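K.L.:
sequence below, structure please.
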Amino acid sequence: MHGEFAMQRYENISDEELISRLRDGEEDIIDYIIEKYKGLVKQKAKSMYLLGADHDDLLQEGMIGLYKAVRDYDFGRKRHGIPLRD
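P.N.:
Here you go, the predicted structure:
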């Protein structure tokens, strides 16, 4: 499931619930979460500088970080949303 339909299908569900459902086998949720936070990752990448790297490298590193944040999310810790570092 891709595109606008997936965005609408999941937009009123908390990140915690989405991750729980992802871990239960709803694999298309990862695409939704990546799309949901892509703008934030781009914004953070624009404000950073890495010696020898260009903007695309930073963006790719940010997307990998987002994926890892979803993968490693710990329900036992009290926080709101997916833990993206500033």
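
K.L.:
what ranges do the helices span in the protein?
P.N.:
Remark: helices assigned in the chain by DSSP state H are 4-10, 15-23, 29-46, 55-71.

K.L.:
burial of Ile33, as a residue count?
P.N.:
If you count neighbours by other CB atoms under 10 Å, Ile33 ends up with 19. Every C-beta, even on glycine, is put in place using the N, C-alpha and C of the backbone.

K.L.:
which non-adjacent residue is nearest it?
P.N.:
Setting aside the residues directly before and after it, Ile33 is nearest to Val70 in space (CB to CB, 6 or more residues apart in numbering), at 5.7 Å.

K.L.:
so which of the helices of the chain is nearest Arg77?
P.N.:
The closest of those to Arg77 is helix 15-23. By CB to CB, the value is 10.8 Å.

K.L.:
kindly export the closest one (C-alpha atoms) in PDB.
P.N.:
Taking C-alpha atoms only, helix 15-23 is exported to PDB below (Å, rounded to 0.1, in the frame of the first residue of the first chain):
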ATOM      1  CA  ASP A  15       3.500   6.600  16.400                       C
ATOM      2  CA  GLU A  16       3.600   4.000  19.200                       C
ATOM      3  CA  GLU A  17       0.600   2.200  17.800                       C
ATOM      4  CA  LEU A  18       2.000   2.300  14.300                       C
ATOM      5  CA  ILE A  19       5.300   0.800  15.500                       C
ATOM      6  CA  SER A  20       3.400  -1.900  17.400                       C
ATOM      7  CA  ARG A  21       1.400  -2.800  14.300                       C
ATOM      8  CA  LEU A  22       4.600  -2.700  12.200                       C
ATOM      9  CA  ARG A  23       6.100  -5.300  14.600                       C
END
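
K.L.:
how far away is the closest residue to Lys42 other than its chain neighbours from Ser14?
P.N.:
Nearest non-adjacent residue to Lys42, counting by CB to CB, 6+ apart: Leu59, 6.2 Å away. Leu59 is 26 Å from Ser14, where distance means CB to CB, to the nearest Å.
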